[in-house]
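**Q** need the 3D shape of this:
(one chain, ligands or ions: 1)
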Amino acid sequence: MSVSTKLYEGKAKIIYPTDDPEIFLAVFKDDATAFNAQKRGSIQGKGAINCSISSQLFQLLETRGIKTHFVDNPAPNQMRIKAVKILPLEVVVRNIAAGSLCQQTGLALGTVLKQPLVEFYYKNDRLGDPLLTRDRLLVMELATAEQVDRITHLALQINEFLKEFFQQCSITLVDFKLEFGLDSKQQLLLADEISPDTCRLWDISTQEDADRRILDKDRFRLDLGNVENAYQEVWKRVLKVVEAKE
Ligand code: UDP
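**A** Next up, the predicted model:
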């Protein structure tokens, strides 16, 4: 397949068309970016690990009745996906205060939220992915009111499932980002990926050590080292829990 046939290239994935107009191929890259691509690097093996973790989680979510874009894996770093039009929204779910929530509210890092917080950000690099209100989102016609309600409901359901799953991996799910898309029948599907690039994951056994516990992209963002090891560790634990379920 030649590079020129790609439909889209993002920071972490390249999307190619296939012979079937309803199916695309997502190739996960080792490239890593942070701070709106101001920091760039590479995490060896990340593409295959993120694709594998996402694929397992999407398949488990499907068994819980959550519809996703996952089809299958032609290779460890490749996912065939249902063709969807991605809504330009980053849907963030938070269980514990970290990252921009701490910066913007003054809440201390690690504050356990009494209930999960669902937030919508405008997926727009030029504007720096700003936080949206529901009314702004509707005024901008980024989604309909029904879609916002449905996405919020799904995001909370996904959070309940993922929190429990990662608990079994001895990992605390701090927060994560989801993206949704609409297929040709306007059906809402969970899309993109769920991986250490898009989740904050803290190791329960080193919970007291603010740096050592981090098993996600914050190791890259904050130059904490051992980035590859952290991604491999998450994949190892995910696979162990998945295999125990089979
Ligand atoms: N996130 C992401 N992509 C983005 C922004 C955030 O996957 O473009 C994830 C991030 O990894 C974290 C969660 O969403 O798990 C919340 O991120 P936050 O708003 O705190 O922003 P950050 O501190 O990462 O800039």
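
**Q** whichever residue of the chain sits closest to the ligand and Lys85, how far apart?
**A** Nearest to the ligand, among the residues of the chain, is Gly99, at 2.2 Å (C-beta to the nearest ligand atom). Bear in mind the C-beta positions are built from the backbone N, C-alpha and C, glycine included. Note on Gly99: its distance to Lys85, by C-beta to C-beta, to the nearest Å, is 28 Å.

**Q** Pro21 too?
**A** Pro21 is 13 Å from Lys85, where distance means C-beta to C-beta.

**Q** sorry, back to before: same drill for Gly99 and Lys85, tell me which one is more crowded.
**A** Gly99 (15 against 11; other C-beta atoms under 10 Å).

**Q** got a list of contacts for the lengthiest helix in the chain?
**A** Longest helix of the chain, by residue count under DSSP state H: helix 145-168. By C-beta atoms under 8 Å, 6 or more residues apart in numbering, the residues outside helix 145-168 that reach it are 57, 60-61, 64, 66, 87, 89, 91, 93, 95, 116, 118, 120, 134, 137-138, 143, 172-173, 176, 178, 180, 188, 190, 194, 199, 201, 204, 241.

**Q** what do you get for stretch 223-243?
**A** Under C-beta under 8 Å, 6+ apart, the answer for stretch 223-243 is 32, 43-46, 49-50, 52-53, 56-57, 60, 165, 168-171, 196, 201, 203, 211, 214-216, 218-220.

**Q** next one: Ser2, what pLDDT does it get?
**A** Confidence at Ser2, expressed as pLDDT, is 49.

**Q** now swap in Leu142 and tell me
**A** Leu142 is assigned 98 on the pLDDT scale.

**Q** for it, give its distance to Arg94.
**A** Where Arg94 is concerned, Leu142 sits at a distance of 20 Å (C-beta to C-beta).

**Q** swap in Asn124?
**A** 21 Å.

**Q** which residues touch the nearest residue to Asp125 once chain neighbours are set aside?
**A** Leaving out its chain neighbours, the residue that sits closest to Asp125 by C-beta to C-beta, 6 or more residues apart in numbering is Asn36, at 5.9 Å. The contact partners of Asn36, by C-beta under 8 Å, 6+ apart, come to Asp125, Gly128, Asp129.
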